[in-house]
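**Q** structure of the sequence below:
(one chain, ligands or ions: 2)
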Amino acid sequence: MKSDKVILSGKGVTKIFGFGSNKTVAVDHVDFSFREGEVISIVGESGSGKTTLAKILLGLLKQTEGEIYFDGQLRDIRSHSKKKAYWQNIQAIFQDPFSSYNVFRKIDAVLLDCIRMRGGGRLPYDKKREMMREACSFVNLKFDELTNKYPFELSGGQQQRLMIARIFLLKPKILLADEPTSMIDACSRATILDMLMDLRNEVGMTPIFITHDIGLAYYVSDTVYIMEHGKFVESGSADAVILHPKKQYTQRLLSDVPKLHEEWDLSTV
Ligand SMILES: Nc1ncnc2c1ncn2[C@@H]1O[C@H](COP(=O)(O)OP(=O)(O)OP(=O)(O)O)[C@@H](O)[C@H]1O
Ligand SMILES: [Mg+2]
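**A** Ligands and ions are numbered 1, 2, ... in the order given. Next comes the predicted model:
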């Protein structure tokens, strides 16, 4: 799945909010290089700069310093049309799914927008309905029960699955998932993760998980970046970083999940 081609990379990416005594260095000279198909996790405690970095990667926030390269070229999203073209390649699922939807658009309109964004605006409606139905069934939602509803009429778990249905239609090269599973129970959390991983196989996507949960990072990723106070303090293969952490900070994150990094002791079972 993982190729050697670098799809997204950054050099010296920095974001400073505010001025003078009010200054916050949210992201501090980070370097990274994400390969196509690689499953990446960015792990760090609250306030370490994860969401800020995610927004920079998405082009929703402008970095104060540093460069971002997409597909081997310096990213250029200065014009609206270039930004729209970039968003065909990179999409996100956010902490709070509700905030990602326009509350005045019904669910079928939300999904039709995705088809339009992929250039399918002129397809016959039958074909569009077929695509929407397929996307919904991929995430175990029933399209026919949803068409006339608004996103806020769905449960939290259904909203998150609807977000994945959108991604299914959009087929971006990169998917940023900022704590996609935080508001649902552990069982549906595993289902959502499985769906995202299936989707990765289906469309050859590069998923980037942003999380506090180092256990989740270990479970899903090829490569883990550990973020502290806006910096990447440690990175490498999930095994190297999580089984043999070099930094105390990483060890501290790990101590929240005490069993994970220890060998399973089967003798007592
Ligand atoms: N728009 C903003 N204006 C000023 N400061 C901000 C802004 N957004 C974020 N910050 C600050 O930047 C730092 C990093 O915030 P960020 O949201 O990126 O953290 P995070 O790692 O995503 O945390 P969490 O795990 O709680 O979501 C914090 O100190 C935060 O207060
Ligand atoms: Mg965040």
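**Q** now do the same contact list for the nearest residue to Phe138 once chain neighbours are set aside.
**A** Setting aside the residues directly before and after it, Phe138 is nearest to Phe168 in space (C-beta to C-beta, 6 or more residues apart in numbering), at 5.1 Å. To be clear about C-beta, it is placed using only N, CA and C from the backbone, and glycine gets the same treatment. Contact analysis of Phe168 by C-beta atoms under 8 Å, 6 or more residues apart in numbering lists Glu134, Ala135, Phe138, Val139, Leu199, Glu202, Val203.
**Q** of those, which belong to helices?
**A** Per DSSP state H, helices hold the following members of the contacts of Phe168: Glu134, Ala135, Phe138, Leu199, Glu202, Val203.
**Q** ok, of those, which come out buried?
**A** Among the ones in helices among the contacts of Phe168, the ones that count as buried by 16 or more other C-beta atoms under 10 Å are Ala135, Phe138, Leu199.
**Q** what's the closest of those residues to ligand 1?
**A** Of all those, the one with the least separation from ligand 1 (C-beta to the nearest ligand atom) is Leu199, at 23.3 Å.
**Q** what sits against that closest one?
**A** If you count contacts by C-beta under 8 Å, 6+ apart, Leu199 has them with Phe138, Ile164, Ile167, Phe168, Leu175, Met205.
**Q** which pair in these has the greatest spatial separation?
**A** Taking every pair in the contacts of Leu199 and measuring C-beta to C-beta, the maximum separation is 14.2 Å, between Phe138 and Leu175.
**Q** quick check: residues of this protein near ligand 1?
**A** 17-18, 24, 26, 44, 46-52, 212 (C-beta under 6 Å from any ligand atom).
**Q** just the buried subset of those residues, please.
**A** Ala26, Gly44, Ser48, Gly49, Lys50, Thr51, Thr52, His212.
**Q** where exactly do the helices run in the stretch 1-150 of the chain?
**A** 50-58, 80-86, 107-117, 125-138, 143-146 (DSSP state H, counting those that start in this stretch).
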